[in-house]
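Visitor: Turn this into a structure:
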Amino acid sequence: MSYPFDQMTSLVSANQKLGQALFEVARVAAQRQAKIASQGLAVFTQAGAAPQVSPFQFPLLSQWPEIVMEVEQNRQASLADVSAAVAEWRDAVGAAFSIEDAQQRARRVFDVWTR
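Guide: Numbers count the residues shown, from 1 in each chain. Have a look, this model is predicted:
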């Protein structure tokens, strides 16, 4: 990129895409989490499904490992999506700003001040 305006528009575009991607990840993760929570609470809402248990039995604990596993899978999927969005953002920002260009500009400024 030759002009700072081009770099700024590229940076703004990359930041906008990153924000949209992160909001999408959050939306999808919240939907999955709501689905998991509804499955976990389904035992309480089923009509006529009040199991007769002794005072020392906890029938809901048998489903707890599956619920925790689904929550962990949701977390892992969200982390993977966020990592992909950040990698895409990093590539876009890296294309907008090159090291060589910054070094040449710094060299020109330094040359002006040392002459």
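
Visitor: Mind naming the longest helix for this structure?
Guide: Counting by DSSP state H, the longest helix found in the chain is helix 4-45.

Visitor: Which secondary structure elements does that helix sit against?
Guide: In terms of contacts (3 or more CB pairs under 8 Å, 6 or more residues apart in numbering; DSSP states H and E), helix 4-45 is packed against helix 64-96. All C-beta spots, glycine's among them, are computed from the backbone N, C-alpha and C.

Visitor: roughly how far is the next helix or strand along the chain from the helix it packs on from the heart of the chain?
Guide: Next helix or strand after helix 64-96 toward the C-terminus (DSSP states H and E): helix 99-114. Between the centre of helix 99-114 and the centre of its host chain there is 37 Å, according to CA atoms, centre = their mean, to the nearest Å.

Visitor: One more: stretch 5-23?
Guide: 16 Å.

Visitor: Check stretch 31-44 too.
Guide: On the basis of CA atoms, centre = their mean, stretch 31-44 is displaced by 22 Å from the centre of the chain it belongs to.

Visitor: just stretch 68-75 next, same as before
Guide: With CA atoms, centre = their mean, you get 15 Å for stretch 68-75.

Visitor: got it, and stretch 72-83?
Guide: With CA atoms, centre = their mean, you get 7 Å for stretch 72-83.

Visitor: repeat for stretch 17-35
Guide: Remark: stretch 17-35 is offset 7 Å from the chain centroid, using CA atoms, centre = their mean.

Visitor: buried stuff in that stretch?
Guide: Judged by neighbour count (16 or more other CB atoms under 10 Å), stretch 17-35 contains these buried residues: 18, 21, 25, 29, 32.

Visitor: Just name the closest of those to Glu100, please.
Guide: When these are ranked by distance to Glu100 (CB to CB), Leu18 comes first, at 24.8 Å.

Visitor: any idea how far that closest one lies from Ser83?
Guide: According to CB to CB, to the nearest Å, Leu18 and Ser83 sit 12 Å apart.

Visitor: tell me the angle of the longest helix of the chain relative to helix 64-96?
Guide: 170 degrees (axes from the mean of the first three to the mean of the last three CA atoms, to 10 degrees).
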